[in-house]
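In: Everything below, folded, please.
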Amino acid sequence: MSPPHVTSFCCCWGLETGSKLIGSLQLLLSLALVIVCSVCAEDARALMGTIEDAEDHVYSTWYKVTVAGVAASLIHLVLAVILMFSIFKRNITGLKVWVYTMIVLFVCALLFIILTMVLCGFSGSGSEIFVAFLEAVLAFGVIAYCVLAVYSYSLLLQSSQEMSNPNKVDFM
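Out: Residues are numbered from 1 along each chain as shown. Below is the predicted model:
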């Protein structure tokens, strides 16, 4: 049984165009998040140790969270550069590295959310929990589709590379 794949990106675009769109959006969003999280980290760092931070350590905690956001955004920035480079150079290995790394990040994010829910419990009304669940399903669904599209593009490149191999021998 072969792994799942798609033959075209949404709106009847080709897989290469879709992969370029995914890479461009990931590059722009991760770059914007690096900048925003860096500015927020600097603002929180300036308030660490002050009288406002003394009692509940809000700014110290906020600093740690924003630094983690910068680190996560930098990881996605590097992945976006790998994806764009691999698309333009038609490098199958780079595409597979992006796909497998995104799958690992996807699973880690799901595990983090599940562990947070189990350990901290639910806060909010039933409708807020339901809306958060729908948002998570939509976000993780879009990410899964993007990973599937790039994976399908790597399969397309791999099959075209195998077909153009001049040393191919047919066995009867």
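In: Name the nearest residue to Pro3, sequence neighbours excluded.
Out: Counting by Cβ to Cβ, 6 or more residues apart in numbering, Tyr151 is the residue found nearest to Pro3 once chain neighbours are left out, at 7.5 Å. Where C-beta positions appear, they are placed from N, C-alpha and C, glycine not excepted.
In: With Arg45 instead?
Out: Spatial nearest neighbour of Arg45, excluding adjacent residues (Cβ to Cβ, 6+ apart): Tyr63 at 5.3 Å.
In: Confirm that neighbour sits in a helix?
Out: Yes: Tyr63 sits within a helix when classified using DSSP: H, G, I helix; E, B strand; the rest coil.
In: In space, not sequence, find me the middle residue of this protein.
Out: Against the mean C-alpha coordinate of the chain, by Cα atoms, centre = their mean, the closest residue is Met102 at 5.6 Å.
In: I'd guessed that one sits against Leu148; true?
Out: No: applying Cβ atoms under 8 Å, one finds Met102 not in contact with Leu148, separated by 10.3 Å.
In: Contact partners for the residue nearest to the centre of the chain?
Out: 79, 143, 146-147, 150 (Cβ atoms under 8 Å, 6 or more residues apart in numbering).
In: and it, how far is that from Gly121?
Out: Between Met102 and Gly121 the computed distance is 30 Å (Cβ to Cβ, to the nearest Å).
In: List of residues touching stretch 27-47?
Out: For stretch 27-47, contacts defined as Cβ under 8 Å, 6+ apart pick out 53, 59-60, 62-63, 66-67, 69-70, 72-74, 76-77, 79-81, 84.
In: Please repeat the previous calculation with a cut-off of 10 Å.
Out: Applying Cβ atoms under 10 Å, 6 or more residues apart in numbering, the external contacts of stretch 27-47 come out as 53, 58-81, 83-84.
In: Can you flag the buried ones in the residues you listed?
Out: Among those, those classed as buried by neighbour count (16 or more other Cβ atoms under 10 Å) are 53, 59-60, 62-63, 66-67, 69-70, 72-74, 76-77, 79-81, 83-84.
In: how far out from the middle of the chain is stretch 110-121?
Out: Here stretch 110-121 is found 19 Å from its chain centre; the criterion is Cα atoms, centre = their mean, to the nearest Å.
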